[in-house]
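Asks: here you go, sequence then predicted model.
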Amino acid sequence: MQDNLSLYIDRDSPLQRLNPLTKLVLSFSLILIGFLGPGYWLATGLFVCVLVPLSIWGKIGPEFLQRTVRLILPLALFLFVMQSLFYPGGRTVLWRFWIFSVKLEGVQFAYLTATRLMNMVGAFLILLLSTHPSTLMTDLTRRGVSPSLTYILVSTLQIIPQMRNKANTIIDAQRSRGLETQGGIRARVGALLPLVGPLVFGSLVDVEERAIALEARAFKAKRLKTSLIEVPDSVLQRQVRIGLVVLTLVMIGIRLWR
Amino acid sequence: MAIVAVENLTYCYPQTTQPALHDLSFQVEEGEFVAIIGANGAGKSTLCYALTGFAPHFFRGELTGQAMIAGLDTRQTPLEELMLVVGLVFQNPGNQISGAKFTVYEEIAFGLENLGVPPGEMRDRIDRIMALTGISDFATRSPYALSGGQQQRVALASILVMEPKLLVLDEPTSQLDPIGSREVFETIRAMSKQGMTVIMAEHKLEWVATFADRVIALAGGEIILNGPPAEVLTSPFLIEHHIGQTRYTTVASRAQAEQRWPLDRALPVVIDEAEAGFRTYQPKMAE
């Protein structure tokens, strides 16, 4: 079973070696520009001309495309069906069947929304597939983000799979005592109660012990923390980050001005 | 010199009137290995928490008397300062993994990062402690992908790397199989031989007899015995207070009742003593 929920793929590439903050700023800039920037084809352009080349540069192209399609395809299909049939104000009928009619305006709106969502998912995936959570959190902590906040974010990635393992153990234990956990909905709902109790109470005990373990590791020591991992940064990357922030603000400004 | 000085220590958990620890007084010398034994509910874990400051700082409750650790009064000193001189390892290996790190190597570095140790020194200390605890082979693995015994050694290494003056262990092998237990005990013994002061609450009396310089037996939150292993572990009080005896003591005392163990010979607590006793006496039994 997977030990953590991190999506990181360990490849030796310049994208992987970029400072995590640069990738974080790039992702948010792409998302904001995709949603708020001008132009019908902007989100498509960003995905095809920026995100796909970035994924190839990072040697994560196939994984990037596979995950993007897997995440966005069901949502896009739903959007196209709903918007093309029920888009309010749609006048140009492309195709008619019984009481349903597919309208051009609905298809266009669905395409715009789907590509913006694809751009957003893609931007996050570029960040998550090419950045190890430890590196990202170490860099953010170094820049003044609260260690408690970064701890919560990182530990969640690891503790959720542990809780899933624990839930499976409890289910096995209940099943060995004759509890029906498979079959119809009624049996599954009935099996939920004996699972929730031990899982919740067990987790509360775990939280107390984890808190003690953190204290024992001087997590709250009033000292300047250091880091085992040294995260590289450069003047050029700092300038790129500033450039991206400015570009995003300009795009938002154009949208507001219009 | 005493690194631990406990005087009239009494502690009550919140919303309870019955003290979990009652009027304890003892000292532990620097470099000593002291085992705390007792039945379930005797106060072993609470004593471990009191010695590390978690009682009362973390659990709240009311503590009277005094526990001085390396010159620091546990009641007056904030927990984060106490953690610089005392390390705590407890029962559940999984819950001692921080969850903040993705490899064993980084996990061991976590405490040092919090202490602000420079990366170069950090690496030296981690390499040294991983070799000592025998976990160098797991450096790049996820701490969650290890067995219980391996995880407990990682937890131990994570505390030892912070170089505490006192190491407190609360039944560190209670959830481990015999192989995992042996691995952990061997590591603790290695640390003790290097001069570290160790206080360990433990049920496994054979191990206590093998490692400890001194044994403190608790019952109902009070000290009932405090002395060398050979003296404490053969005391009839242990049976009376449901603590039990080592297998060797039990066998020899039964043999003694059947006049197969000399009355003038002390009952054994380790296998070598038992073997020597039976070997020297058996020829007479054959007569």
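Replies: Structure's in. What do you need?

Asks: residues contacting the nearest residue to A:V25 once chain neighbours are set aside?
Replies: Computed as C-beta to C-beta, 6 or more residues apart in numbering or on different chains, the closest residue to A:V25 that is not its neighbour in sequence is A:R241, at 4.7 Å. (Each C-beta comes from the backbone N, C-alpha and C, glycine too.) A:R241 sits next to A:21-22, A:25 when contact means C-beta atoms under 8 Å, 6 or more residues apart in numbering or on different chains.

Asks: for stretch B:26-38, which positions count as buried?
Replies: Using 16 or more other C-beta atoms under 10 Å in any protein chain shown as the burial criterion, the residues of stretch B:26-38 that qualify are B:26, B:28, B:32-38.

Asks: how about these, which pair is most distant?
Replies: When those are compared pair by pair using C-beta to C-beta, the farthest-apart members prove to be B:E32 and B:G38, with a separation of 18.8 Å.

Asks: and the strands in chain A?
Replies: Under the criterion DSSP state E, strands of chain A are mapped to A:93-97, A:100-103.

Asks: highest mean neighbour count out of the ones you listed?
Replies: Of all these, strand A:100-103 carries the top mean neighbour count, a mean of 16, counting by mean count of other C-beta atoms under 10 Å in any protein chain shown.

Asks: what lies in contact with it?
Replies: The set of residues that contact strand A:100-103 without belonging to it, under C-beta under 8 Å, 6+ apart, is A:84-85, A:87, A:90-96.

Asks: can I get the residues you listed in a markdown table with distance to chain B and pLDDT?
Replies: Compiled in a markdown table, those are given as follows (distance: C-beta to the nearest C-beta, whole Å; pLDDT from 0 to 100):
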| residue | distance to chain B | pLDDT |
| --- | --- | --- |
| A:S84 | 45 | 83 |
| A:L85 | 47 | 81 |
| A:Y87 | 46 | 81 |
| A:G90 | 50 | 72 |
| A:R91 | 55 | 78 |
| A:T92 | 53 | 81 |
| A:V93 | 55 | 80 |
| A:L94 | 51 | 81 |
| A:W95 | 52 | 81 |
| A:R96 | 56 | 81 |
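
Asks: any idea which of those is closest to A:R177?
Replies: Compare each of the contacts of strand A:100-103 with A:R177 using C-beta to C-beta and the shortest gap goes to A:L85, at 50.7 Å.

Asks: A:G106 is in contact with that closest one, correct?
Replies: Yes - the criterion here is C-beta atoms under 8 Å, and A:L85 meets it with A:G106 at 6.8 Å.

Asks: who has more neighbours, these two?
Replies: Each of A:L85 and A:G106 has its neighbours counted (other C-beta atoms under 10 Å in any protein chain shown); A:G106 has more, 24 against 17.

Asks: show the contacting residues for that one.
Replies: Taking C-beta under 8 Å, 6+ apart as the definition of contact, the neighbours of A:G106 are A:83-87, A:90.

Asks: buried ones among those residues?
Replies: So, of the contacts of A:G106, A:83-85, A:87, A:90 end up buried under the neighbour-count rule (16+ other C-beta under 10 Å).

Asks: now the residue most central in space within chain A: closest residue in space, sequence neighbours ignored.
Replies: Within chain A, the residue whose C-alpha comes closest to the C-alpha centroid is A:F124; the distance, by C-alpha atoms, centre = their mean, is 5.4 Å. Distances taken as C-beta to C-beta, 6+ apart put A:S27 closest to A:F124, at 6.0 Å, once the chain neighbours are dropped.

Asks: for A:V246, see how far away that neighbour is.
Replies: In this structure, A:S27 lies at 16 Å from A:V246, with C-beta to C-beta, to the nearest Å as the measure.

Asks: then B:V184?
Replies: Counting by C-beta to C-beta, the separation of B:V184 from A:V246 is 57 Å.

Asks: of these two, give the one with the bigger neighbour count.
Replies: The residue with the greater number of neighbours, taking B:V184 and A:V246 and applying other C-beta under 10 Å, is B:V184; the counts read 25 against 11.

Asks: I'd say that one and B:Q175 touch.
Replies: No - in this structure, B:V184 is not within contact of B:Q175 by C-beta under 8 Å, at 10.6 Å.

Asks: so how many other residues sit close to B:A50?
Replies: For B:A50, the tally of surrounding residues (other C-beta under 10 Å) stands at 28.

Asks: and it, its phi and psi?
Replies: The phi/psi pair for B:A50 (degrees, to the nearest 10) reads phi -70, psi -40.

Asks: and the stretch 101-250 of chain B, which residues reach chain A?
Replies: B:101-102, B:105-106, B:109-119, B:122-123, B:142, B:144-145, B:155, B:158-159, B:162 (C-beta under 8 Å from any C-beta of the partner chain).

Asks: tell me the secondary structure at B:Q76.
Replies: Local secondary structure at B:Q76 is given as coil here, using DSSP: H, G, I helix; E, B strand; the rest coil.

Asks: run through chain A and note the low-pLDDT ranges.
Replies: Per-residue confidence for chain A (pLDDT under 70) gives these ranges: A:1-3.

Asks: the longest helix in it is where?
Replies: In terms of residue count, the longest helix belonging to chain A (DSSP state H) is helix A:185-216.

Asks: name the helices or strands packed onto that one?
Replies: For helix A:185-216, the packing partners by 3 or more C-beta pairs under 8 Å, 6 or more residues apart in numbering or on different chains; DSSP states H and E come out as helix A:147-176, strand B:86-89.

Asks: mind listing what's buried in it?
Replies: In terms of neighbour count (16+ other C-beta under 10 Å), helix A:185-216 has its buried residues at A:191, A:194-195, A:199, A:206, A:210, A:212-216.

Asks: wait, which of these is closest to A:S227?
Replies: The closest of these, once distances to A:S227 are taken by C-beta to C-beta, is A:L214, at 17.0 Å.

Asks: make sure the closest one is actually in contact with B:S98.
Replies: Yes - using C-beta under 8 Å, A:L214 makes contact with B:S98 at a distance of 6.5 Å.

Asks: for the closest residue to B:A266 other than its chain neighbours, which residues are in contact?
Replies: By the measure of C-beta to C-beta, 6+ apart, the closest residue to B:A266 outside its immediate chain neighbours is B:A230, 6.2 Å from it. For B:A230, the contacting residues are B:209, B:266, B:269, B:273, by C-beta under 8 Å, 6+ apart.

Asks: buried ones only from those, please, as a ChimeraX command.
Replies: Those of the contacts of B:A230 that count as buried under 16+ other C-beta under 10 Å are selected in ChimeraX with:
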select /B:209,269,273
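
Asks: farthest-apart pair in the contacts of B:A230, please.
Replies: The largest separation in the contacts of B:A230, counting by C-beta to C-beta, is between B:A209 and B:A266 at 12.4 Å.

Asks: got CSV for the contacts of B:A230, with secondary structure and pLDDT too?
Replies: Putting the contacts of B:A230 into CSV (DSSP: H, G, I helix; E, B strand; the rest coil; pLDDT from 0 to 100) gives the following:
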residue, secondary structure, pLDDT
B:A209, helix, 93
B:A266, coil, 90
B:V269, coil, 92
B:E273, helix, 91
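
Asks: looking at the contacts of B:A230, which is nearest A:R255?
Replies: When these are compared against A:R255 (criterion: C-beta to C-beta), the nearest one is B:A209, at 77.6 Å.

Asks: alright, that wraps it up for me.
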